[in-house]
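J.: Quick check, what structure comes out for this input:
(one chain, ligands or ions: 1)
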Amino acid sequence: MNQNYSILTLAEQPGLISEIRALARIAWPEFLRHAKAEYWPELYDRFARYQFVFVEGNQVIAAGHTVPFKWDQTKADLPGGIQGVMERAVQMPENELPDSLCALAAIVLPEYRGRGLSTEILNSMKNIAVQHELQTFVAPVRPTFKSEHPKVAMSEYITWRSEKGESFDPWIRTHERMGAKILGVASNSLTVAGSIKEWREWTGLEISASGDFVVPGALTTVQMDYENDLGVYEEPNVWMKHLLPEP
Ligand SMILES: CC(C)(COP(=O)(O)OP(=O)(O)OC[C@H]1O[C@@H](n2cnc3c(N)ncnc32)[C@H](O)[C@@H]1OP(=O)(O)O)[C@@H](O)C(=O)NCCC(=O)NCCS
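T.: You can find the predicted model right below:
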């Protein structure tokens, strides 16, 4: 697609924060907006240079969120996912330098979806890694079709492929077409915990007993403990590693 948008970081234009928040409200199912996310505000402040939007005219049409962190390049040293990587980034001492970039989210305004913008978001993320002299770019990928198969283990889902060898999932496919490789399952990327009343409000579901519930938009089932008034969702993602251009 011809690029008829400009790319701005939140550091360049801090006023974009309300548009970024509006885009997030559209992108995620309500319950996911209640995930444990105490470090997220740091993205808009300390890590503002790593957040960007695509602006067409005066409309924000897409956003990308990333964070720099330290990673020794082994699978064993990968955090559980988004929450873990944020924690590591925020807790890194000021006198230490990050060596890797982690994608946190890519969002396209619904009417601009299906035009290839997501590849351009991932390319912009790679550019951020290069600009900041980071050697690696990884992503805890949230597969877009997984919510239609909540009872399938993520470890199995990522093996679903066409005869041509392409991933069943369009978002994993997009990363792979850009050369990214799956490293493994990010077993606990985000956690959402709430009372039964909150889960009813977030999902519109009638919950009147304990059990594993299928919740629209959730990648796996949600464990409802009716007696203890607690519902817990632990979102699995998929760690993928991209190649960066030589400096
Ligand atoms: C995931 C998302 C970023 C993709 O953005 P996009 O610009 O629409 O994606 P693209 O046009 O580049 O298409 C990427 C792939 O997804 C497929 N795709 C795009 N929209 C689709 C839809 N509505 N239904 C099914 N597949 C779709 C495309 O066909 C393409 O796969 P293919 O070329 O192998 O067929 C966008 O749908 C979005 O913002 N979703 C909400 C937030 C989210 O889930 N982000 C990802 C996790 S962080």
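
J.: Which positions within the helix or strand of the chain with the lowest mean pLDDT qualify as buried?
T.: Least confident element among the helices and strands of the chain, by mean pLDDT, DSSP states H and E: helix 40-43 (a mean of 90). Across helix 40-43, burial judged by 16 or more other C-beta atoms under 10 Å covers 40, 43. C-beta: built from backbone N, CA, C; applies to glycine.

J.: Does the ligand have contacts with it?
T.: No: using C-beta under 6 Å from any ligand atom, helix 40-43 never reaches the ligand; the gap is at least 13.7 Å.

J.: Show the contacting residues for Asp169.
T.: 143-146, 157-158, 160 (C-beta atoms under 8 Å, 6 or more residues apart in numbering).

J.: contacts with the ligand among the residues you listed, please.
T.: Thr144.

J.: Can you flag which of the contacts of Asp169 belong to helices?
T.: Tyr157 (DSSP state H).

J.: Pick the one among the contacts of Asp169 closest to Lys36.
T.: Of all these, Lys146 has the smallest distance to Lys36: 20.3 Å, by C-beta to C-beta.

J.: any idea how far the closest one lies from Thr221?
T.: When distance is defined by C-beta to C-beta, to the nearest Å, Lys146 is 12 Å away from Thr221.

J.: for Val53, same thing?
T.: In terms of C-beta to C-beta, Val53 sits 34 Å off from Thr221.

J.: Comparing these two, which residue is more hemmed in?
T.: Higher neighbour count among Val53 and Thr221: Val53, with 25 against 14, using other C-beta atoms under 10 Å.

J.: How is the more buried one assigned, secondary-structure-wise?
T.: strand (DSSP: H, G, I helix; E, B strand; the rest coil).

J.: This structure: helices as residue ranges?
T.: 17-27, 40-43, 82-91, 117-131, 154-157, 170-177, 196-203.

J.: Give the ranges of residues in the chain that sit below the confidence cut-off.
T.: 1-2, 247 (pLDDT under 70).

J.: near the ligand, which residues of it show up?
T.: Counting by C-beta under 6 Å from any ligand atom, the chain sits next to the ligand at 27, 105-108, 113-119, 142, 144, 170-171, 173-174.

J.: I'd like to know which of these are buried.
T.: Buried, going by 16+ other C-beta under 10 Å: 27, 105-108, 117-118, 142, 171, 173-174, out of the residues of the chain next to the ligand.

J.: that older thread, what's the closest of the helices of the chain to Pro245?
T.: When those are compared (using C-beta to C-beta), the closest one is helix 117-131, at 6.5 Å.

J.: on contacts alone, who are the packing partners of the closest one?
T.: strand 51-56, strand 59-69, strand 100-108, strand 136-141, helix 170-177 (3 or more C-beta pairs under 8 Å, 6 or more residues apart in numbering; DSSP states H and E).
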